[in-house]
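>>> Return a 3D structure for these sequence lines:
(6 chains)
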Number of protein chains: 6
Amino acid sequence: MDLPFAYDHVEAFVFGGALPIRRSFDDSSVIVLPVPVDRTTSYVGGTRNGPHDILQASSHMELWDEEMGTDVHGVGIFTMPEMELPFGEMEPLLDEIERVAYEVIGRDKFLLSLGGEHSITPALVSAAARKYPGMSVLQIDAHADMRDSYMGTQHNHACAMRRSLHHARLTQVGIRSLSTEEAEILPKLNTTVFYDVSMRKDPKWMDAVVDSLAEDVYVSIDVDGMDPAIMPATGTPEPGGLSWPEITGLLRLVAERRRIVSADVVELSPIPGMVAPSFLCAKLIYKLITYRFAADPRARRL
Amino acid sequence: MDLPFAYDHVEAFVFGGALPIRRSFDDSSVIVLPVPVDRTTSYVGGTRNGPHDILQASSHMELWDEEMGTDVHGVGIFTMPEMELPFGEMEPLLDEIERVAYEVIGRDKFLLSLGGEHSITPALVSAAARKYPGMSVLQIDAHADMRDSYMGTQHNHACAMRRSLHHARLTQVGIRSLSTEEAEILPKLNTTVFYDVSMRKDPKWMDAVVDSLAEDVYVSIDVDGMDPAIMPATGTPEPGGLSWPEITGLLRLVAERRRIVSADVVELSPIPGMVAPSFLCAKLIYKLITYRFAADPRARRL
Amino acid sequence: MDLPFAYDHVEAFVFGGALPIRRSFDDSSVIVLPVPVDRTTSYVGGTRNGPHDILQASSHMELWDEEMGTDVHGVGIFTMPEMELPFGEMEPLLDEIERVAYEVIGRDKFLLSLGGEHSITPALVSAAARKYPGMSVLQIDAHADMRDSYMGTQHNHACAMRRSLHHARLTQVGIRSLSTEEAEILPKLNTTVFYDVSMRKDPKWMDAVVDSLAEDVYVSIDVDGMDPAIMPATGTPEPGGLSWPEITGLLRLVAERRRIVSADVVELSPIPGMVAPSFLCAKLIYKLITYRFAADPRARRL
Amino acid sequence: MDLPFAYDHVEAFVFGGALPIRRSFDDSSVIVLPVPVDRTTSYVGGTRNGPHDILQASSHMELWDEEMGTDVHGVGIFTMPEMELPFGEMEPLLDEIERVAYEVIGRDKFLLSLGGEHSITPALVSAAARKYPGMSVLQIDAHADMRDSYMGTQHNHACAMRRSLHHARLTQVGIRSLSTEEAEILPKLNTTVFYDVSMRKDPKWMDAVVDSLAEDVYVSIDVDGMDPAIMPATGTPEPGGLSWPEITGLLRLVAERRRIVSADVVELSPIPGMVAPSFLCAKLIYKLITYRFAADPRARRL
Amino acid sequence: MDLPFAYDHVEAFVFGGALPIRRSFDDSSVIVLPVPVDRTTSYVGGTRNGPHDILQASSHMELWDEEMGTDVHGVGIFTMPEMELPFGEMEPLLDEIERVAYEVIGRDKFLLSLGGEHSITPALVSAAARKYPGMSVLQIDAHADMRDSYMGTQHNHACAMRRSLHHARLTQVGIRSLSTEEAEILPKLNTTVFYDVSMRKDPKWMDAVVDSLAEDVYVSIDVDGMDPAIMPATGTPEPGGLSWPEITGLLRLVAERRRIVSADVVELSPIPGMVAPSFLCAKLIYKLITYRFAADPRARRL
Amino acid sequence: MDLPFAYDHVEAFVFGGALPIRRSFDDSSVIVLPVPVDRTTSYVGGTRNGPHDILQASSHMELWDEEMGTDVHGVGIFTMPEMELPFGEMEPLLDEIERVAYEVIGRDKFLLSLGGEHSITPALVSAAARKYPGMSVLQIDAHADMRDSYMGTQHNHACAMRRSLHHARLTQVGIRSLSTEEAEILPKLNTTVFYDVSMRKDPKWMDAVVDSLAEDVYVSIDVDGMDPAIMPATGTPEPGGLSWPEITGLLRLVAERRRIVSADVVELSPIPGMVAPSFLCAKLIYKLITYRFAADPRARRL
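Here you go, the predicted model:
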């Protein structure tokens, strides 16, 4: 912004707020893209406010990570302006998301997209798969989202991962809610499912998850994959799900043994007056970036 | 419901709760139809809960009307089950609403539809105009809703009344928010506009409104037509607008001098923890029914 | 409280907070009694928090009244501790409220009771009528509350004023919701009713209200008598009702032409996160005290 | 409902929403009975909305259970209309609940009652014990609810289980809040108590719970038995308590080794704007039904 | 922002959202400056979110003004980034606000500041008075804010206007809450007070307000000057106050007969889940800009 | 309070409500002091309501502790009135808190202070260290709070523990958020840090914590040290943190092996409509008192 005089000001809606080291798009390794699609969510509603609330919360985070002993923000975290999304046809909207996502990924950037609904994921996966053929998708979610169509459309969030299968194979973690039709079709699809109830009984589940993944991994986090105790702010908050140590532990393991090429965090539907869920999302994203870039020479160590 | 034994129970989601005199569809003059379409609302969201909350509130109303000196519920108020609305294409969805609405109106019933977004109104107006050719629409609203298209579709709530013009001419009351494009096109359309700011200066505005109407009138109430002081629970709550005495006074006058043939109440988006707006809608609907049917022989007088 | 050392502290739950001039029970003209009965309210619930929230809000009021040009708090406003109310039988509970109320009124104090539900009013009216035989009750309310019994009991809030008739005659103001049964019985009861819809058309309604009152007046304010625009925080918020200028104008007129001997404010059911309704109640009570004691020699004038 | 024409509609307030296989009362194995008694709760209030919110949430559940590998809804889940409950004397109200409960249980149905307050449980236990003499009650709860009387009545929720002892012996799980008087009397009563703090130290506590039960078991779930992390929506949310894996694990074990003959879920007091607690209750009830009827021939398997 | 590719995006936190005609700082007549000071507010808290919520709401406004028959946004409305405000000493903080304000005003811009607390106003008034000596301040407020010091500081919001007197004379409108000390000192200060209770009785009050003003006018709007019916979202919501027609009518009159040189809107403290108050502020600000610049050649007319 | 007649009443804002055994200041072992400082909190705000909400919740607790088999309230728990805190300079305010705290501690009382912000802790620690030289501080917290200054002041909550180091050495538990500057300085300060992420991997962490403590221990609980699942009501709710069994287990161990001389609970910022967090604080405080005084001869055992 071009101002004729200077004063201390707050950076509006930039991940991490006014980061001590700021970089341009070109100099940044991580590109945050807000994609507030909110159109077919069937229950509580409100995912359109998700990206906004995550960015606002992120300015209250500390930047040091005591687990990894590093502060990675120096690799460059650049936040794009929110995509403006018409409410007309879903098809061209997803095409545009795919195009913009590829503009970023194609430039060798780590794209971190903020939903919005899960229905955006197929477009993002498609862009990533163009760049990284053969990659896996790691989906953390309560729901399989494997319906072929739902409420008259194939672009509903309930179909998100079925459509993503066109572009990559899947590993699904935390699953604890599926229709009888999905239960029937699942064994025939190119997906490995880790049910929440089974994970509880298998102390080695994290290793098994990583083993199922290709070398390149796209991570899609539907926030309802986590326990509603820590994540009540979502449309269909299914009891059970991943705890904070579980989800961060899994992401760390994946980052150590595979290459995470892109990620999204979707389906946050903020509860007015309650900041904890948005704050958790901000922190989760920064943890993911930290795991991914801890070894980068620009990450600070003491 | 067929139960093998009896007990006192609450009527679930029926307008007025368990009315002392209950009638069947066939014996009822008034048919309440919940149409919770919520798909393109651009700001707060939540109109899908409107019909549900109005019906719940309505069971806490008293049935006597001290203004008209009557209790009209004996004319029969029958509540239909909520329409199930797929989220796919808007076109067939509106066709189905039109069909169901005509099933009711065509049987000489007074159809009172509960939205949901304003985008349902063109379908309802179309059904009414099929039965009552030459009728007027009286729209109470903060917004002209006269855009030709918005966010990539002609089925957005911002276009509702432009599409209704295909079926009937309009009188618009309480208008206080329009785009420059709408301001330009309005004089060329088949509509009479009563701006909120002008109404405040004309003590005869109600008479002028009625004079602009045809003999048969369809009433479409976007709740944002009312003052946000009494109706904060809507997507874009524009300051100004009709007070309770104004909206009830106008409806009474229309009922006395014209024939109201059908009506809708749309765009209620409940605020959790605040019942007053839903209660107001319930009462407003009962007032409208009372004005309309006060002279019916089945209305009770003392 | 007996403390071995001094420090500035906040007075907990005393009307007006830490008033500059504090008086003991004996030296006070006004006694505030919190009576948080909350047992049979049929809709939203929460009147038990009413007294607490009003007292908390009252500590944020200013004490000067620019309308009357006085600060009356020097007449002594003493706040009693909240009554502890068992939930067993309603009969003995009301007897105890009547006893405590008479302990206050019998000592020539101005008793100002804070509900809780309207069902406490008959006990308070009974105590006042013992002291001031022949007095009137001025009830400000949306509902007639004239049912003989409701939901299996005569002690429901819906019956409060029917039971009060045993002790005094009534003037009812702001009425805009009654059952058909009440509409039938009202003309036969010892009450004068000012319907909200009629008041709107009669610029002299306040004089007519005062004319209907005896020399001694007990004022019972069900907060739902006011417009939900300013008072949404109540169980059944009926549209219409008294504005702030109307309710304060009426109370001033009554205070000038009659003697207000006691009062209650009932049915506040706070909405979490919204302080305006509680604040209004606090201010309304202080206005009432100001009107009543403006001529007292201990009231300060400049 | 008798309609002269057809359209897709939503089933209002039926457990599971519009189940693919619908059965009549007679053909159903499970009968859901909403009993929204809300009268003596001493803190937050709002249990009257519990049944309604659970039923609304239940329509957003998936029907397949991946833990048991079955979809049991085909055994027939029939939802009765909400009981209408006068607020007069508690005694006849409980008698009526007992009568209605026995009408269901006596017809060999599995009665699943939705509260409302815990004070309804003695009536439900009484009806079940009439049919299944010698049965145990398994109570999941934070509080012993073993007071002899509380706030002037024996029908308070704080006395619910003391009164249930007249009809059956008890096993109490998750207890972490009791008065000194209850602590004294507990060892003399016909109850086995599993304190939350002890369960944490005994990996075999679930087996011990089951061992304490008779062959026939009535399950009473006060939702405050669960951890407030997952169940904040209750009147006195005591820290500690059962997690989701614990409560579902226990119910499964009981279902496998004993016969659950009836159940209730009580004391849900919804927090406006937060759906997770109601959703959890809906899912918990469906889990309970699934464990109970997994072996039924009408349950679907793949 | 420098992006290597283009896409439709949302303008983050710019008044009016993505205005069709965008201008730079230099080309803009109106400069919006967010100053979210929130440090000494004594009751509800939360004014720090005021500027953010107003800007967010403003993007949902229409730009045409049907009252004035114009769309003024073409005069250029430029939004500065939020000032970053340390919480240390109040003195240097106000000095910095004064400096930044003068940077804008000194460049012949119309500065519109968004609070934050009322304690920022003296700094803003000081900057304006430097440019426009002899100007008046028109304060719309429930409170006189004329204390000399409050809670140990002269920089409290309760002292805002007393300090502003150092820079300009005052006209205070809507006053309905003052301490006895303020009532004593007011007649001796350089201020003209319009009490809310007196305005209600004087149909000419608006003219009297304008007559009391100098040629150049700074407008300070404490949102609690308005009726809590339309503005509940503030720290001490005093009953009474200006309605929407009153506040807009007054601002129009002032704009027509005097020159408004700068303005602030302060003390909005958003209620989570309720957008109406923020929306009203956005609209009020656009009305003020419209009245002020309706005659500007860059304002569009049809 | 001196009343001329008796009645059952509720004790307003006294820890534990109306305790069966009430003692005076002099006869009490435990003194509860509400210190609602709320001035520099940087995010959500609202800690000023913390003490009030904890005390209100505490009246709904049971007094028996089933873990320790005792009811300790007989040792005397006396609640002081809330400190009145001017908003001027922070320095004299902290001096006054220190003075009042020492008035209590110097009389050999166990002082339990309720915040308010963490910025009050240095004053409380100073008072305790005067009485108990050589004592340790055990800080349970998500944040190190070890900044030297923040937002222009050394009295910000972000600096609380850095300033406490002047008076005592530290053990910090649950830490999971720190700035890079803090990470650098921490190894040079007189503090032992237990990072949340490390505690998860060390089953002996509680013993290590106790081993790090001096004989006398001051316990400072910033509620954000706990998991947001159970404690969402705080300004910066960091994911991770202590569970209920962990925090109570640690406090018990410290009480058994060391002497807890005083404590504070700070940074509760209540969420309107959600009582669980306040209730947890009340219970946590009573647990702490119970562990500390379980061996006292005045504690009741069965």
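>>> Flag every residue of the stretch 151-300 of chain A that's near chain E.
A:Pro272, A:Gly273 (CB under 8 Å from any CB of the partner chain). In short, each C-beta sits where N, CA and C put it, glycine included.
>>> List the strands paired with the helix or strand A:Val265 falls within, with their directions.
Element membership for A:Val265 (DSSP states H and E) is strand A:259-266. Strand A:259-266 has its sheet partners listed here by DSSP bridges as strand A:110-115 (parallel), strand A:216-222 (parallel).
>>> Show me what the next helix or strand along the chain from the shortest one is packed up against.
Spelled out, it's strand A:110-115. Next helix or strand after strand A:110-115 toward the C-terminus (DSSP H and E): helix A:121-131. Under the contact criterion of 3 or more CB pairs under 8 Å, 6 or more residues apart in numbering or on different chains; DSSP states H and E, helix A:121-131 touches helix A:90-105, strand A:110-115, helix A:160-164, strand A:216-222, strand A:259-266.
>>> the inter-axis angle of helix A:121-131 versus strand A:216-222?
For helix A:121-131 against strand A:216-222, the angle by axes from the mean of the first three to the mean of the last three CA atoms, to 10 degrees is 170 degrees.
>>> Output the helices and strands packed on helix A:121-131 as JSON lines; include the columns mean neighbour count, mean pLDDT and distance to F:Thr234.
Output for those, formatted as JSON lines (neighbours: other CB atoms under 10 Å in any protein chain shown; pLDDT from 0 to 100; distance: least, CB to CB, whole Å):
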{"stretch": "helix A:90-105", "mean neighbour count": "19", "mean pLDDT": "94", "distance to F:Thr234": "36"}
{"stretch": "strand A:110-115", "mean neighbour count": "26", "mean pLDDT": "97", "distance to F:Thr234": "24"}
{"stretch": "helix A:160-164", "mean neighbour count": "25", "mean pLDDT": "92", "distance to F:Thr234": "34"}
{"stretch": "strand A:216-222", "mean neighbour count": "26", "mean pLDDT": "98", "distance to F:Thr234": "24"}
{"stretch": "strand A:259-266", "mean neighbour count": "23", "mean pLDDT": "98", "distance to F:Thr234": "23"}
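>>> Take the helix or strand following the strand holding A:Val265, keep the C-alpha atoms, and write them as CSV.
Downstream of strand A:259-266, the next assigned helix or strand under DSSP H and E is helix A:276-293. Output of helix A:276-293 as CSV, limited to C-alpha atoms (Å, rounded to 0.1, in the frame of the first residue of the first chain):
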residue,chain,number,x,y,z
ALA,A,276,-10.3,-21.8,20.5
PRO,A,277,-11.2,-23.7,17.3
SER,A,278,-9.9,-21.0,15.0
PHE,A,279,-6.8,-20.7,17.1
LEU,A,280,-6.2,-24.4,16.9
CYS,A,281,-6.4,-24.3,13.1
ALA,A,282,-3.9,-21.5,12.9
LYS,A,283,-1.5,-23.4,15.2
LEU,A,284,-2.1,-26.7,13.3
ILE,A,285,-1.1,-25.0,10.0
TYR,A,286,2.0,-23.5,11.5
LYS,A,287,2.9,-26.9,13.0
LEU,A,288,2.5,-28.4,9.5
ILE,A,289,4.7,-25.8,7.9
THR,A,290,7.2,-26.2,10.7
TYR,A,291,7.4,-30.0,10.2
ARG,A,292,7.7,-29.5,6.5
PHE,A,293,10.4,-26.8,6.5
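>>> So which bits of the stretch 51-200 of chain A are right by chain F?
Contacts of the stretch 51-200 of chain A with chain F, taken as CB under 8 Å from any CB, map to A:His60, A:Met61, A:Glu62, A:Leu63, A:Trp64, A:Glu66, A:Glu67, A:Asp71.
>>> Most widely separated two among these?
Spatially, the most separated pair among those is A:His60 and A:Glu67, at 19.1 Å (CB to CB).
>>> coming back round to it: turn the helices and strands packed on helix A:121-131 into TSV, including distance to B:Pro277.
Converted to TSV, these look like this (distance: least, CB to CB, whole Å):
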stretch	distance to B:Pro277
helix A:90-105	32
strand A:110-115	30
helix A:160-164	34
strand A:216-222	32
strand A:259-266	31
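>>> now for the ones you listed, which one comes closest to B:Val210?
Of all the helices and strands packed on helix A:121-131, helix A:90-105 comes closest under CB to CB, at 43.9 Å.
>>> ok, residues contacting the closest one?
Residues from elsewhere that reach helix A:90-105, judged by CB atoms under 8 Å, 6 or more residues apart in numbering or on different chains: A:31, A:33, A:35, A:37, A:39-40, A:80, A:83, A:85-86, A:111, A:113, A:119-120, A:122-124, A:126-128, A:130-131, A:153, A:155, A:261-262, E:4-5, E:7-8.
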